[in-house]
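In: following is a predicted model, sequence given first.
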Amino acid sequence: MSAFVLDTSIALKWFLEDENDRAYSLAILRSLSDEHKPIVPWLWYYEMANALLTQVHRKRVAFEEVKDFLGLIGEMAIDVDEPDRLTILGLLYVARERRLTGYDAAFLELAQRLQLPLATSDKELIRAASECGVQLVTIPE
């Protein structure tokens, strides 16, 4: 069973070593196990690939490094939610109501629907989660 919803912003910080404020993201990574695994919306893998390819184009990382990282991601125990068309189309309303992108709305909707906490470092998603009562993942000290 999934323990929390994992936003792309967290997983990118696992790989991008020059990112600021990686402590929370790395703590999330260390907490992963078969008993504490994340769930992501189907688009998470597309977002990860796109964001990492963007970093290659910006010459921030080498393509070979990205390939290795995606291989590691592919081996991780991550549940994938595959919603129906109505759920996907309903993201428009969530995005509009919470002033989010459609992509960010997918993470918020999933956390709401499954009543799971959300792991994110995205400021707008944190704001929206707070507004609608979605808890954020906390890491014990």
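Out: Thanks, I have the structure now.
In: C-alpha from now on. contacts and neighbour counts both.
Out: Will do.
In: look at Trp44 and report its pLDDT.
Out: In the prediction, the pLDDT value recorded for Trp44 is 95.
In: once you drop chain neighbours, what's closest to it?
Out: Setting aside the residues directly before and after it, Trp44 is nearest to Thr8 in space (CA to CA, 6 or more residues apart in numbering), at 6.3 Å.
In: in this structure the one you found contacts Ala49, no?
Out: No: Thr8 lies out of contact with Ala49 (CA atoms under 8 Å); the separation is 10.2 Å.
In: okay, those two: which has more neighbours?
Out: Ranked by neighbour count (other CA atoms under 10 Å), Thr8 and Ala49 place Thr8 first, with 23 against 13.
In: with Leu52 as the reference, measure out to the more buried one.
Out: 11 Å (CA to CA, to the nearest Å).
In: and the residue lying farthest from the centre of the chain, what pLDDT?
Out: Within the chain, Lys59 marks the point farthest from the mean C-alpha position, 23.3 Å out by CA atoms, centre = their mean. Per-residue confidence (pLDDT) for Lys59: 92.
In: does Gly90 belong to a helix, a strand or coil?
Out: Recorded secondary structure, Gly90: helix (DSSP: H, G, I helix; E, B strand; the rest coil).
In: revised request: answer the last question for Pro38.
Out: Pro38 - assigned by three-state DSSP - is strand.
In: who's it bridged to?
Out: For Pro38, the beta-bridge partners under DSSP bridges are Phe4.
In: now do the contacts for it.
Out: Ser2, Ala3, Phe4, Val5, Leu6, Leu32, Ala77, Ile78, Asp79 (CA atoms under 8 Å, 6 or more residues apart in numbering).
In: list buried residues within the residues you listed.
Out: Ser2, Ala3, Phe4, Val5, Leu6, Ala77, Ile78, Asp79 (16 or more other CA atoms under 10 Å).
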